[in-house]
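have a look; sequence and predicted model below, questions after that.
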Amino acid sequence: MANNTYDAIVVGSGISGGWAAKELTEKGLKVLMLERGHHIEHVKDYVESNKPSWEYPHRGGRTQKMIDEYPVLKRDYPLNERNLSFWAVDKDSPYVEKKPFGWFRGYHTGGRSLMWGRQSYRLSDLDFEANVKDGIAVDWPIRYKDIAPWYDYAETFAGISGSKEGLPQLPDGQFLPPMDMNIVEQTVAGRIKEHYNNKRTMIIGRTANLTQTIPGRPTICQFRNICSNGCPFGGYFSTQSSTLPAANATGNLTLRTFSIVTEIIYDKDTKKATGVKVLDARTNEALEFNSKIVFLCASTFNSTAILMRSATDIWPDGLGSSSGELGHNVMDHHLKLGASGDMEGFEDKYYSGFRPNGIYIPRFRNLPGDEKRSYLRGFGYQGSASRQGWSRQVAELNIGADLKEALEEPGQWTMGLGGFGEMLPYHDNKISLSKDVKDKWNIPVLEFDVEFKENEKDMRKDIVADAVEMLEAAGVKNVKGYDSGCEPGWGIHEMGTARMGRDPKTSVLNSNNQVWDCQNVFVTDGSFMTSASCVNPSLTYMAMTARAADFAVKELKKGNI
Amino acid sequence: MNRRELLKMVAAATGAAMIGGEFLLSGCKGNSDAAPVAFTEENIAFLDEVAETIIPQTNTAGAKAAGVGRFMTVMVNDCYTKDDQEIFHKGLNILDDQCNKMHNVGFMKATPEQRKQLLIAVDKETKDYIKKKADAENVQDQKEKQGQERNTNDFKKQTLPNHYFQQLKQLAIFGYFTSEKGRTEALRYTPVPGKYVGVIDYKKGDKAFAGLT
């Protein structure tokens, strides 16, 4: 079985798995990266990436048949004709919903790094200190200074465009040049700044799209804004465009697809993992691979599910369950609410190109020194201004050439803001292995028992009201607030279930993402999050994965693990 | 489609949602038992003429040249619920009857001017109907808010059916501006812009940009 032995095994090939593979191989380890789904080759397999609207029979939309076949994906934007092949097939990926939970997954090389929203923000000490200050859950075992150099490192390699703003709640980073705001965004940003006396800021989004070339990435973003079909120019960060080529270049990487990790092999004498058991998704063949360390990067929930299925002879609830926190404290961001309206004037200005990015309004509620709201934590907004396209209604022009000619031109300016709110970590928001439902590989599926609670519901009132107020203060007319309702999961920012902490009695991982109970197993996807912040989390997974890989290799060299 | 595009569509806040809900959302129940009524070549010719009346040939191609009639049948068969399919099919006869009433001639034999006059009248009737429907739904929404706990689906919203001409007009505009002719002739098609410039001058008559999506 010598050929089944590696220095490290990385489970998963998405944002975290790709980073783990890159870092560990670059440090000289022989790495096996296991991906449960099929392979998607960079550029070659992006079959939808150059397809114009008219080549889709339904011009990108969804059919009744798709709606019937995808009871989960249909709940939000993932169900569409353009990149359906990038989303895990509902019927092959069942789970049980004790309460509604939308789980949108990408089971293929690259995972959701191919379809992600690419918004990239740093957490700050406002986030890392939040739990201990609020007396909620447990304290993060790290502070901003611990992760800051790793944010620098991750941003420099991933290529994040953005502007430096000097905001304590949204630290600046190593940015490529920012994208432009259009004329109405510039105007609204200026008016918000003035109206709120610099207490609220609207900035250009920080996004993992290249505005300048960086080493290994010779082509910048082409401003087509169809990133989620895969980019033939490699214009945005994904496993395929960035970490996988780097890992491959070392000659130390083996990638095995169709490899479902069923459990971690735990040796109770050494108290270490010795490798993983794998089920080949196509042949059902059972395999074992051995390694000195294991990085779980299978995505939040799936990494935890692997832990739950491991070492059950010692811990009935699985490896890492001794604290009673494994599977608990599920978090997401809550969204689908905000406001929009019309901006009069500016008819002599327009913009060119399709910007894969919008504006961002960083958190401004419950900051230190401000009045306390009725809820804890806060929210940010993403949004944009644009001139309306042909889908607008043109009230006075009903039918014929006048209507057509009007629709050939851009319409009036509109501006919209959509909120992203922090969700608190609640012990009773949890996942567990189903006792009776199994998937087609005979693996027990996950059961979700997760809900938003009063803090989130209270916060939503402010998210709508503040959006309306800010747009009106900025001179936007006909402002309408909306709250379309939200299920946990729709943020596609799943977090928690194997949280980091300072005490093995109350947390699953220590400050280096090591499982307390098994220190050569590291969990570096969203499972480790101790609290959710309100910013998009992927950049934090990149930084923490690189940090944990650095630590792991040092420990390995010292003989500590 | 990504989250930002979705936000933009919500932001557009058009008077009536796209029938079929294809691009927006969720919640709608699928009707897979809908056995599509076959469209005939006559139907397609009829739909081409209706679409051409809404989006005529000018110095750029019209809806007929863009193949919008056939596209409409694909969307109705694949994306509409059974109820909306029935409304659409009946609507073709209603429109022809309306034409007979107004001009003493069926739609296919009517002149372009007669067709336009008819559709202007039907469009007005449709707008009134959409407003009535929206008002009724607002009342329902209020009741729902008052009477319903969050996260339960017991409350069945009673809504008025869609209007056939709303379907026809939406599909004509959607079909045309997502077609090759629509995008490359009626809009400034730029599949690979290469850069984004936040502020450029615009003068009336300049066409809107259109990309791959």
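Alright, I've got the coordinates.

now do the helices in chain B.
Remark: helices assigned in chain B by DSSP state H are B:3-12, B:41-54, B:68-79, B:82-103, B:112-147, B:164-177, B:180-181.

for chain B, what are the nearby residues on the stretch 151-300 of chain A?
Within the stretch 151-300 of chain A, the positions near chain B by Cβ under 8 Å from any Cβ of the partner chain are A:179-183, A:185-186, A:222-228. Placement of C-beta: from N, CA and C, glycine included.

of the residues you listed, closest to chain B?
A:Asp180 (2.7 Å; Cβ to the nearest Cβ).

and that closest one, what does it touch?
Contact partners of A:Asp180, counting by Cβ atoms under 8 Å, 6 or more residues apart in numbering or on different chains, are A:204, A:351, A:355, B:196-199.

can I get those in JSON lines with distance to A:His38?
Output for the contacts of A:Asp180, formatted as JSON lines (distance: Cβ to Cβ, whole Å):
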{"residue": "A:Ile204", "distance to A:His38": "36"}
{"residue": "A:Tyr351", "distance to A:His38": "38"}
{"residue": "A:Arg355", "distance to A:His38": "32"}
{"residue": "B:Tyr196", "distance to A:His38": "33"}
{"residue": "B:Val197", "distance to A:His38": "39"}
{"residue": "B:Gly198", "distance to A:His38": "39"}
{"residue": "B:Val199", "distance to A:His38": "44"}
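
and the contacts of stretch A:426-434?
A:95-96, A:137, A:301, A:304-305, A:308-309, A:325, A:327-331, A:444-451, A:453, A:488, A:496-497.

does A:Phe289 count as helix, strand or coil?
Following DSSP: H, G, I helix; E, B strand; the rest coil, we place A:Phe289 in the strand state.

can you pull the contacts of it?
Applying Cβ under 8 Å, 6+ apart to A:Phe289 gives the contacts A:4-6, A:9, A:32, A:34, A:275-276, A:278.

again, but for A:Ala208
Counting by Cβ under 8 Å, 6+ apart, A:Ala208 makes contact with A:118, A:120, A:158-160, A:236-237, A:539.

ok, now B:Leu47?
Contacts for B:Leu47 (Cβ under 8 Å, 6+ apart) come out as B:39, B:68-70, B:72-73, B:92, B:168.

next: A:Asn83.
Counted by Cβ under 8 Å, 6+ apart, A:Asn83 has contacts A:48, A:115, A:228-230.

including distance to A:Ile492, pLDDT and secondary structure, could those residues go into JSON lines?
Shown next, in JSON lines, are these (distance: Cβ to Cβ, whole Å; pLDDT from 0 to 100; DSSP: H, G, I helix; E, B strand; the rest coil):
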{"residue": "A:Glu48", "distance to A:Ile492": "19", "pLDDT": "95", "secondary structure": "coil"}
{"residue": "A:Met115", "distance to A:Ile492": "9", "pLDDT": "97", "secondary structure": "coil"}
{"residue": "A:Ser228", "distance to A:Ile492": "12", "pLDDT": "96", "secondary structure": "helix"}
{"residue": "A:Asn229", "distance to A:Ile492": "17", "pLDDT": "97", "secondary structure": "helix"}
{"residue": "A:Gly230", "distance to A:Ile492": "17", "pLDDT": "98", "secondary structure": "coil"}
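
can you pick out the most distant pair from these?
Pairwise distances among those were taken by Cβ to Cβ; the largest, 11.4 Å, belongs to A:Glu48 and A:Met115.

so which of the contacts of A:Ala208 belong to helices?
A:158, A:539.

quick check, nearest of the contacts of A:Ala208 to chain B?
For the contacts of A:Ala208, the nearest to chain B is A:Arg118 (8.9 Å; Cβ to the nearest Cβ).

next, count neighbours for that closest one.
Neighbour count for A:Arg118, taken as other Cβ atoms under 10 Å in any protein chain shown: 27.

and for the one 5 residues further on?
Look at A:Leu123: counted by other Cβ under 10 Å, it has 26 neighbours.

just the one 3 residues further on next, same as before
For A:Leu126, the number of neighbouring residues by other Cβ under 10 Å comes to 21.

so what's it up against?
By Cβ under 8 Å, 6+ apart, the neighbours of A:Leu126 are A:168-169, A:363, A:367-368.

rerun that using 10 Å as the cut-off
A:Leu126 makes contacts with A:133, A:144, A:168-171, A:363, A:366-368, A:377-378, A:533-534, as judged by Cβ atoms under 10 Å, 6 or more residues apart in numbering or on different chains.

any of those residues buried? List them.
A:144, A:169-171, A:363, A:366, A:377-378, A:533-534 (16 or more other Cβ atoms under 10 Å in any protein chain shown).

please narrow those residues to those residing in helices.
Short answer: the buried ones among the contacts of A:Leu126 in helices (DSSP H) are A:Tyr144.

pick the one among the buried ones among the contacts of A:Leu126 closest to chain B.
A:Cys534 (15.0 Å).

leaving out chain neighbours, which residue sits closest to the closest one?
The shortest distance from A:Cys534 to any non-neighbouring residue, by Cβ to Cβ, 6 or more residues apart in numbering or on different chains, is to A:Glu422 (4.1 Å).

again with A:Asn510
Spatially, and ignoring its direct neighbours in sequence, A:Asn510 is nearest to A:Trp516 (5.7 Å; Cβ to Cβ, 6+ apart).

where in the stretch 451-561 of chain A is pLDDT low?
Across the stretch 451-561 of chain A, nothing is flagged by pLDDT under 70.

for it, which segments count as strands?
For the stretch 451-561 of chain A, applying DSSP state E, counting those that start in this stretch gives strands covering A:477-483, A:514-515, A:518-523.

and the nearest residue to A:Val72 once chain neighbours are set aside, what does it touch?
With Cβ to Cβ, 6+ apart as the criterion, A:Val72 has its nearest non-adjacent residue at 4.9 Å, and that residue is A:Asp90. If you count contacts by Cβ under 10 Å, 6+ apart, A:Asp90 has them with A:69-74, A:79, A:103-105.

can you do 6 Å?
A:70-72 (Cβ atoms under 6 Å, 6 or more residues apart in numbering or on different chains).

shaky segments in the chain?
Just so you know, I chose chain A. For chain A (pLDDT under 70), the answer is A:1-2.

meant chain B actually
For chain B, applying pLDDT under 70 flags the ranges B:1-36, B:147-158.

what's the longest strand in it?
Secondary structure of chain B per DSSP state E: the longest strand is strand B:197-201.

packing partners for that one?
In terms of contacts (3 or more Cβ pairs under 6 Å, 6 or more residues apart in numbering or on different chains; DSSP states H and E), strand B:197-201 is packed against strand A:349-352.

gap between A:Ile147 and A:Gly205?
Separation of A:Ile147 from A:Gly205 (Cβ to Cβ, to the nearest Å) stands at 21 Å.

need the helices for chain A, in chain order.
Counting by DSSP H, the helices of chain A are A:15-26, A:64-69, A:125-128, A:130-134, A:144-158, A:183-195, A:244-249, A:302-308, A:401-408, A:454-473, A:538-558.

export those as a markdown table, with columns for distance to A:Gly389.
Output for the helices of chain A, formatted as a markdown table (distance: least, Cβ to Cβ, whole Å):
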| stretch | distance to A:Gly389 |
| --- | --- |
| helix A:15-26 | 32 |
| helix A:64-69 | 24 |
| helix A:125-128 | 37 |
| helix A:130-134 | 41 |
| helix A:144-158 | 31 |
| helix A:183-195 | 15 |
| helix A:244-249 | 36 |
| helix A:302-308 | 39 |
| helix A:401-408 | 8 |
| helix A:454-473 | 20 |
| helix A:538-558 | 30 |
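
just name the most buried of those.
Each of these was scored by mean neighbour count; the highest is helix A:15-26, a mean of 30, by mean count of other Cβ atoms under 10 Å in any protein chain shown.
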